[in-house]
Each structure stands twice: as C-alpha cells, then as structure tokens.
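Enquirer: Kindly generate the corresponding structure for this input.
(chains A and B)
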Amino acid sequence: MRIACPFCGERESGEFTYLGDASPKRPNFAVDSVAGPEPAEDAFYDYVYLRDNVAGVMREYWYHGGGCRSWLIAERNTVTHEFGSVTAAPGAGATKLAQAGE
Amino acid sequence: MVDYLWNAQSPLQKELVAGRHGVTAGQAGVTLTEIRGIMLVQVMARRGKAVETAKAAKKLFGVEPPSTPKAVIGKIATLIWSGPDQFLAFAARSADSQFGKLAEVFAGIASLSDQSDGRCLSQISGPRAREALAKFSSLDLDDTMFPPGATATSSVDHTPVNIWRDANGADGEAVFNLLVFTSFADSLWKTIVASALEYGLEASSAHAE
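Expert: Sure, this is the predicted structure:
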C-alpha cells in the first residue's frame, strides 16, 4: 500500500501512522455553553467518543512521521483500501491555523 | 571540581573500519564514506512566517530555500529541504564559517536548531550503490525519479534519515548522502556495510569539503 504525501510524493504506508476519522469537529466551549454547560458537554462527548463505522470512502487523518512529519487528510475507501486525494491538514508547515480549528 | 575535557568525536569511532570489505575481486561496487567536520542547522519557519523566512534565506544564501524536496547550493551553505517550510543548512566546518549570521538573520521569523554534532553524514556511491540502498530504503532512487539535487526525508529501519543526491562523482556514478541521528549512526552503518558486502565495499572517512 502506497500513500501519496502532498509534500514528499508516493511513499510506503509504513512511513505513516493512522489517527482516524477527520470529520468530527471539535466543539467550541465558549459558543456551545452559552445556554449552560450541558450542550457543550454533550457535544464534547460526541466529538471524543462517537465514530461512524464507514464502509466506503472516508476522510482520515494520517501522520507522515517517517518522512516530512506532517499531518495529512486522506480519502480512503475502507472496503478496497484505495486512496483518493491526500492533502495537508490545516496547520501543516508554517501555515496559520484557522481560528475555529478543523 | 573535576575538569572535563570535551572532545568532538565521530559516532562511528568503533564501527568504521577503513578499507576493503566483502568481495575483494575487482573494483569495489560500493564506496561508503563518513563525512566528518560538518556544520548543520535546521531552519523551521515560524507560524505564518514562511514568506519572511524564504526572503531572509535568499538574502543570506543568495538562493531561495527549496519549497519541494530538493537540495540547492547557496553561497555559504547547501540548503536541503526537510519538510514543509523547513530546511537544513549544510556546510563544511571551517574557521571562517559564516553560520554565526544565521541566528541574526532568522531572529523572530524562524526557529533554528544546531545539528552539527547531532547528525552523522555518510556518503554512498559506486556502480552497485543503488542495489545496496534498495535493500534498506523503500525510495525509488532511479535517475528519472531521483536526479542530482533530489532530496527525501524517509525512514530506514524505522530511523528517520535525510537523503539527498549530489552531482555525480568523477567516475560518473551517482552520489547519495545519508544524514542520520548520531545515536543511530553505527546501526545504520552496519546495515549499509552488510548490504554492500556482496558487491565489494570500500569504506573510509573524509573531512567535508
């Protein structure tokens, strides 16, 4: 299995580590807890613990630790292991992070 | 109080046995040279400062730092890509080194880390060098994929290495540079030696030029 790092080019999968689903968005405590702590706590519970078990294409975090040490977001088909687009995760290199964070 | 005497020494002090190893008939298929006396500084642009870092580098080195995996030769150093918005500045250690200027030029825009004694540089060449390298590196080092000046940050036996290719040697053969953390240097050296024995290996050390 080979993964095309947007910085390094195609590399063997052993240079990468897998984190998981890139879809969950970290809740913003300041925004979500305006009406009390419970909505924020529920949102954090979902964000930390709940994951879909996707059969098909999903967006995932991969870390190129054996190469350029960048976090990447890859589209992978969990059934066929076929990779689609692989792009730099927000904050890779010296790019500024978006305020809300992804 | 005890007086300590600090001596810079090669991490390959024990492992490097200069001379011919493995198959002794004919020309050595692989030459392996430890390059001693290096200056090496990691330069990483700070968040949002990639453009400023590139500008400062252009001013100091006379060349833009590489934005893709390449090594470019500048005025006082070779700049080796080591990841997005970061590079290694490499030069031979000398009394009139200009590396003191780095801290001043990159102040506030990039983070510097002196790796001169933190990494060990080995140079591999010879007609069978690629076959020896193929045993422990998963990179495609063919001319079409990895021409002179090409660079990669990769792993060998789970150990991070920076690899870049110099101009071909006087014999016309490709020259590959491998940078590895000093604490892994003897392990990598053993791996390279073991991989090259069947082609005949000529091992030596030299001072950086």
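Enquirer: C-alpha only now, for contacts and for neighbours.
Expert: Will do.
Enquirer: which of the residues in stretch B:172-188 are buried?
Expert: B:174-182, B:184-186, B:188 (16 or more other C-alpha atoms under 10 Å in any protein chain shown).
Enquirer: Where does pLDDT dip in chain B?
Expert: In the predicted model, chain B carries pLDDT under 70 at residues B:1.
Enquirer: Run through the strands of it in chain order.
Expert: B:19-21, B:30-36, B:38-45, B:71-73, B:78-83, B:86-92, B:110-114, B:119-125, B:151-156, B:159-165, B:176-181, B:201-207 (DSSP state E).
Enquirer: The first one: which residues count as buried?
Expert: Residues of strand B:19-21 classed as buried under the neighbour-count rule (16+ other C-alpha under 10 Å) are B:His21.
Enquirer: Show me the contact partners of that strand.
Expert: Strand B:19-21 has contacts (C-alpha atoms under 8 Å, 6 or more residues apart in numbering or on different chains) with B:Ala28, B:Leu197, B:Gly200, B:Leu201, B:Glu202, B:Ala203, B:Ser204.
Enquirer: Closest one of those residues to chain A?
Expert: Using C-alpha to the nearest C-alpha, B:Leu197 comes nearest to chain A of the contacts of strand B:19-21, at 26.2 Å.
Enquirer: The closest residue to the closest one other than its chain neighbours - how many residues pack around it?
Expert: In space, and not counting its chain neighbours, B:Leu197 is closest to B:Gly22: 4.1 Å by C-alpha to C-alpha, 6 or more residues apart in numbering or on different chains. B:Gly22 has 16 neighbours, counted by other C-alpha atoms under 10 Å in any protein chain shown.
Enquirer: Hmm, B:Gly22 is touching B:Ser195, no?
Expert: No - the pair B:Gly22 / B:Ser195 is not scored as a contact, 10.0 Å apart, by C-alpha atoms under 8 Å.
Enquirer: ok, back up a step: of the buried residues of stretch B:172-188, which ones also sit close to chain A?
Expert: Restricting the buried residues of stretch B:172-188 to those within reach of chain A (C-alpha under 8 Å from any C-alpha of the partner chain) leaves nothing.
Enquirer: show me the contacts for the residue nearest to B:Leu197.
Expert: B:Ala196, B:Leu197, B:Glu198, B:Tyr199, B:Gly200, B:Leu201.
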